[in-house]
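> would you be able to build a 3D model of this:
(one chain, ligands or ions: 2)
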Amino acid sequence: MKLFELTRADDPAQAIAAGAKATTAQQGADIRFIAGGTNLVDFMKLNVETPGKLVDINHLPFDKIESLPDGGLKIGAVVRNTDLAQHAVVRKNYAVLSQALLSGASVQLRNMATTAGNLLQRTRCMYFRDTAMACNKREPGSGCAAITGVNRGLAILGTSEHCIATNPSDMNVALAALEAVIHIRGPKGERSVPIDDFHLLPGNTPQRETILEPGDLITHVTLPPPSPGARSLYLKLRDRASFEFALASAAVVITAEGGTITRARVALGGVGAKPWRSREAEVELTWQPANQSVFQKAADSALREAKPQSQNGFKVELAKRCLVHALKLVTQTA
Ligand SMILES: Cc1cc2nc3c(=O)[nH]c(=O)nc-3n(C[C@H](O)[C@H](O)[C@H](O)COP(=O)(O)OP(=O)(O)OC[C@H]3O[C@@H](n4cnc5c(N)ncnc54)[C@H](O)[C@@H]3O)c2cc1C
Ligand code: SF4
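Ligands and ions are numbered 1, 2, ... in the order given. Below is the predicted model:
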C-alpha cells in the first residue's frame, strides 16, 4: 500500500483547491476527500484506491439539517447517516429516507457514514475489490470478470457489455424517489444537479460513476417539500436481515385520494447500475385505483428492460414482488 498524506480542511475553498489539483475525476484520483472513511478506507486496504493525499472534510460547516422556507429540507454533506435517519422532520415527512438509512450497514457504520459519502459509495462487485481480477471499472480496458463469473448480486437494469455492477446504496434509492437535488461547489463555482442526473450509467466508461469533476465538493442535498398527503415506504429484500446489501429494494412515495393514486414516485435498488427511478411504473400507477393488478402492471413495466446475467435472473421476479408489496403496504396505511 502507498503511504498517503492527510490534510485537514476547515474551509470549503481549501478543500476544493486541494481536490482540483487531482488530474482525473475524484474516483481514482490522487487527491481525495475523506468523510466517514467507511468506504474509501476499505478500498485503500484492498489497494483498489491508492490516493497520495487525503483531505479530511469532517470539520467543514456542512453538518446541519435545516428546514427550508419552501417546506423542503437541506441536509449537509457531512451529516451522519444515524443523525439523518433519526431526525424528527425526516421521520415525519420523508419516512422512506429514514427507513432506507436504517436498513443499511450497522449502527457503528451509520454513526460514521455521511450523506455525501453514502451518495458516492462504490460497488460491492467482488471483482472490483480484487486487484487480481479483470475489472473495467477499476482498470479500464481489462475486461469484466463478473459477466462470465459470479454475478448473482449484480445489476439487471442500465448495465453495459463493459460493466454490470450495482449501485449498492439504500439511501440513494430513497433520494431518487424523493427527487433530491445534489449541491456541488467546485473550481468553476456552484451548481445543483437532480439525483437522476448525478450518477452515470456504465456505458463504455464504467470507471466514471458520477458527474463530479476534479475539486468538486458536495456541500449539501436538498429535498423538495413533501407532497400533501403523501405516504412513503422503503422495502429491502436481502439474504439476511441485517448488515447486508439489497438483492432488490423499492422506495415508493404515493399520494392517494379515495382509493385512486394521484401521484407516484418509484425507485428500485439492488437491480440498477445506478439508483433506478422508474418513470414507467409511475405512469402505470398515476390516476389508477390502488389495487393488485395496477401494482403488478407497474412492476412489469419497471422491469421490462431488465437484462439478467447467468445467475441473477431471479432478480426480475424478486424486484417485481418487492415493488408490488411496497405499494400494497404504503397504500394500506393511506
Ligand atoms: C460492512 C459494510 C456494510 C454496509 N452495508 C450497507 C448497506 O446495507 N446499505 C448501504 O447503503 N450502505 C452500506 N454500506 C456502505 C456505507 O453506507 C458507506 O460506506 C458509507 O455511506 C460511506 O460514507 P462515508 O462518509 O464513510 O464515505 P467515505 O468513505 O469517507 O467516502 C466515500 C467517497 O465519497 C467521497 N466524498 C465524501 N464526502 C464527499 C464530499 N462532500 N464531496 C465529494 N466527495 C466526497 C470520498 O472521496 C470517497 O470517494 C456498508 C459498508 C460496510 C463497510
Ligand atoms: S461488473 Fe463492473 S465492477 Fe464488476 S468486474 Fe465487471 S467491470 Fe468490474
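> other residues contacting stretch 88-106?
The list of residues contacting stretch 88-106 from outside it, by Cβ atoms under 8 Å, 6 or more residues apart in numbering, reads 38, 65, 67, 73, 81-82, 84-87, 110, 113, 118, 169-171, 173-175, 177-178, 223, 226, 231-234, 236, 242-243, 246, 249, 251-253. Bear in mind the C-beta positions are built from the backbone N, C-alpha and C, glycine included.
> repeat the analysis, applying 6 Å as the threshold.
Contacts with stretch 88-106, where a contact means Cβ atoms under 6 Å, 6 or more residues apart in numbering, come from 81, 84-85, 170-171, 174, 226, 232-234, 236, 243, 251.
> go through those and say which is closest to C125.
The shortest approach to C125 among the contacts of stretch 88-106 belongs to D170, at 17.0 Å (Cβ to Cβ).
> how close does the closest one get to ligand 1?
4 Å (Cβ to the nearest ligand atom, to the nearest Å).
> now do P214: how many residues are near it, please.
Using other Cβ atoms under 10 Å, P214 has 18 other residues around it.
> mind listing what it touches?
Here P214 is in contact with 20, 22 (Cβ under 6 Å, 6+ apart).
> returning to what we had before: dump the contacts of stretch 88-106 to a markdown table, plus neighbour count, distance to V266 and pLDDT.
Listed next are the contacts of stretch 88-106 as a markdown table, based on neighbours: other Cβ atoms under 10 Å; distance: Cβ to Cβ, whole Å; pLDDT from 0 to 100:
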| residue | neighbour count | distance to V266 | pLDDT |
| --- | --- | --- | --- |
| N81 | 26 | 23 | 98 |
| L84 | 24 | 22 | 98 |
| A85 | 19 | 21 | 98 |
| D170 | 27 | 15 | 98 |
| M171 | 27 | 16 | 98 |
| A174 | 32 | 12 | 99 |
| P226 | 20 | 16 | 98 |
| S232 | 25 | 11 | 98 |
| L233 | 24 | 11 | 98 |
| Y234 | 28 | 12 | 98 |
| K236 | 24 | 15 | 98 |
| F243 | 10 | 26 | 88 |
| A251 | 32 | 7 | 99 |
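> tell me where this protein has helices.
Taking DSSP state H to define them, one finds helices in the chain at 12-20, 40-45, 81-86, 88-93, 95-102, 107-112, 115-119, 171-177, 195-198, 279-285, 292-302, 314-332.
> please work out which of those is packed deepest.
Mean neighbour count (mean count of other Cβ atoms under 10 Å) peaks for helix 171-177 among the helices of the chain, with a mean of 29.
> send the alpha carbons of that one over as PDB?
Taking C-alpha atoms only, helix 171-177 is exported to PDB below (Å, rounded to 0.1, in the frame of the first residue of the first chain):
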ATOM      1  CA  MET A 171     -30.100   6.000   0.800                       C
ATOM      2  CA  ASN A 172     -29.700   6.800  -2.900                       C
ATOM      3  CA  VAL A 173     -32.800   4.800  -3.800                       C
ATOM      4  CA  ALA A 174     -34.900   6.800  -1.300                       C
ATOM      5  CA  LEU A 175     -33.300  10.100  -2.500                       C
ATOM      6  CA  ALA A 176     -34.300   9.100  -6.100                       C
ATOM      7  CA  ALA A 177     -37.900   8.600  -5.200                       C
END
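> which other residues reach that helix?
For helix 171-177, the external contacting residues (Cβ under 6 Å, 6+ apart) are 96-97, 100-101, 118, 195, 234, 249, 251, 253, 265, 267, 269, 275, 277.
> quick one on the thing from earlier: what's the closest of the helices of the chain to ligand 2?
Among the helices of the chain, helix 40-45 comes nearest to ligand 2, with 12.1 Å by Cβ to the nearest ligand atom.
> and the closest one, what's its mean pLDDT?
Per-residue pLDDT over helix 40-45 has a mean of 96.
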